[in-house]
Structure formats: structure tokens, C-alpha cells
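Peer 1: Dropping the sequence and predicted coords here.
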Amino acid sequence: MTAPHIDILTAGCMVADLLAYPVNAFPARGKLGHVERVGAHLGGSSANTGAHLARLGYRVAIAAAVGDDLLGRVVAGLAAEAGLDTRWLVHKPGSNSAATMVMVAEDAERSFLQATGAQGLLCAADIPLAAARAAGARVFHLAGYFALPALEGNDGSPAVALLREASERGFLTVLDGVWDAHARWRRVISPLLPWVDIYTPSRDEAAHIVGETAPGRQIEQLFALGVRQVVAVTDGANGAWIGDRSGLRYHLPPARVATVDTTGAGDAFVAGLLAGLLGGAQLADAGRLASACGGLATTVFGGGQGFNTRAEADALATTIVPAAFAAGLEPP
């Protein structure tokens, strides 16, 4: 029997998000607090982006590591329910699955406590580039960098080898990161960037990598470090900033939506950007779709959700007006 065809291989972070709302203050030590809801959700940047891409019409497989515990079974089931092909999930015996406690305040701001668990054991040998390419995949999306120690090593060299192989096999390579709790930043990521076609850091992440706080200058510096095609810098309530190698630069305002939880909004933004670019859209239009997907993701609790069809995202995208600015300059 022929294995199912896929369009995209996403690899990296897949966690169980245990989300509580509203958490405006923590109870005193030894005391009990009450919240309106607690739920288990699919989480992790690889899984969230993959789930959104599946809703946007792409066939997505995920390569991630889970433990041999209940949470591993739960998160694997949630991934399958979200439309992800889970054939390449790997089980790490004796390990707990990655999990994040997400405390969401009434203003939608979040605080996190994470146990890396099996996710920290994901290595290059667990990511089936050859098999994915044979199954038709043309995009390799590595997500959750800075929280994948076995892929990072001391200098990023395991991930460099992985992305180099992906490039040599003809993949479009996409990199997305998370906050580096160990503050290594540029040392472990700059060697990767010459093998990355599309890079999507947050503004805070980019500031720690390149030493610049202005998004326009961050884009220039990331291209100088080697990113090959597109840089997108997400900026929360300020929207996002995107640019390409040809010199196009745009600021994308945030979508106007009723926000309840910003968990996974950046992951949805990445999915929309990829869907636009893979569909042949110009950079500004791909950015509009990205902003729409990011906005819709904030209208529900948990990551990997927010819309069910491409039509919903396309409709919101028509309300977003990108503002062009010159390469090397900040917009007014």
C-alpha cells in the first residue's frame, strides 16, 4: 500500500498545553485559587503551525518526540484530530512527554511553566527527510528552536547538518524559534541561517540575536546573517514586519478581532505566511493572510485553533492593509 502523500513536514515542538483561565494572580503559597476553566490543548509551535496549515488545505506530517505516558497519548490523539499525519512521531521510553502550564489572564496575556521532557531528546535521526521527500513533501518547517537541545548542541551544528540536508534534498526550509531560556541566542542560531529560506522570529527574539530593537534593522541584520528569501518579525499587538531579498518591506497591522487568548498566534501567522507564499501570492498578500490567521488564533482558547476553513482567513485578510517602507529604513 502506498504511503499517504504530504506537502509539508513540520518538526520540533509538540506539547500538551494545560491551559487555565483567568489567572490574574497566583494564590498564596499553600492556598487554593479558582479559575473558570482548565483544558488540555494541542501545543508547541510545530504542532500549532501544522494544524493551521492542515486547515488551510495542506497535507502536513509532524516529526516530534513524546514519552511513554498518558500525556503522550493525549497529545498524539490531539495532533491526529487536528489533521496531522502522525506516522513519524517517535516515542522516547522512560521519558515524560513535554507539557506546558499556560496561565491566561483576563487581558489575554500569558505566563508559562514548561517541562521539556521527551521533546529535548528529539534528534536529527528522528526527522525523516528522505522519507518525507519521497512522500511528496516540498517544505521542511523546523519549529521550536531554542527548546530542542539535542538538535542545538553547543553551537547549532546538529541543526545545521539537518537544514543543509533538507536544502540539498530540495526542500524549502522554514525556521521558527521560541524564547531561549539559556540565553545562547546568536551562538546557536547564526550558523543555521544560511540554510534557512524563511525565518520568523518575534521582535524580542530578533533583538537578542542581532542586537537591534527596531524591526526594520532586525530584518536587514538577519538577511546579513544569511537568511535566503523572507524574514518575518512578529510584534504582538503591533502587528508584524516582513521583508524579502528583493528589498520589499511591509508593516502588517494586527487584525481587528475579539482577542481572548494569544497562545499560538505567532504559529498561526507562520502558517498563513507559508500558505500564501506556497500559493504564489506576492509578499504583501501573503502577509495579509498571515496577519489574518494570527488574529483568528487569538479568538479562541489554546493554540492550533481559531478558524476552520481557508475562506474564513481569506475574508479577514481583505481588511488588512500592509504599509510599505524602504529597505534599510524604519517606517514612519
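Peer 2: Great, that's in hand.
Peer 1: in this structure, which helix or strand is least confident?
Peer 2: None of the helices or strands of the chain scores lower by mean pLDDT, DSSP states H and E than strand 110-115, at a mean of 85.
Peer 1: How about whatever helix or strand comes next after that one, which residues are buried there?
Peer 2: Scanning forward in sequence from strand 110-115 by DSSP states H and E, the next helix or strand is helix 129-134. By neighbour count on 16 or more other Cβ atoms under 10 Å, the buried set for helix 129-134 is L129, A131, A132, R133. To be clear about C-beta, it is placed using only N, CA and C from the backbone, and glycine gets the same treatment.
Peer 1: who's in contact with the closest residue to the last one other than its chain neighbours?
Peer 2: Think R133. In this structure, R133 finds its nearest non-sequential neighbour in R169, 5.0 Å apart by Cβ to Cβ, 6 or more residues apart in numbering. By Cβ atoms under 8 Å, 6 or more residues apart in numbering, the residues touching R169 are L129, A130, R133.
Peer 1: tell me which of those residues is nearest to N48?
Peer 2: Lowest distance from N48 to the contacts of R169 (Cβ to Cβ) belongs to L129, with 21.6 Å.
Peer 1: What distance do you get for that closest one to D267?
Peer 2: With distances taken as Cβ to Cβ, to the nearest Å, L129 is found 22 Å from D267.
Peer 1: Repeat that for V35.
Peer 2: Per Cβ to Cβ, V35 is found 24 Å from D267.
Peer 1: Looking at the two now, which is surrounded by more residues?
Peer 2: The neighbour comparison of V35 against D267 (other Cβ atoms under 10 Å) goes to D267, with 30 against 13.
Peer 1: The more buried one against H52, yeah?
Peer 2: Yes. Judged on Cβ atoms under 8 Å, D267 makes contact with H52 at a distance of 6.8 Å.
Peer 1: Give the residues shared as contacts by those two.
Peer 2: With contacts taken as Cβ under 8 Å, 6+ apart, the residues that reach both D267 and H52 are A297, G304.
Peer 1: still on that earlier bit, now the least confident helix or strand of the chain: buried residues?
Peer 2: For strand 110-115, by 16+ other Cβ under 10 Å, it's R110, Q114, A115.
Peer 1: need the contact list for A143.
Peer 2: A143 is in contact with 10-13, 44-46, 49, 174-177, 267, 270, counting by Cβ under 8 Å, 6+ apart.
Peer 1: do that again at 7 Å, thanks
Peer 2: The contact partners of A143, by Cβ atoms under 7 Å, 6 or more residues apart in numbering, come to T10, G12, C13, S45, S46, T49, D176.
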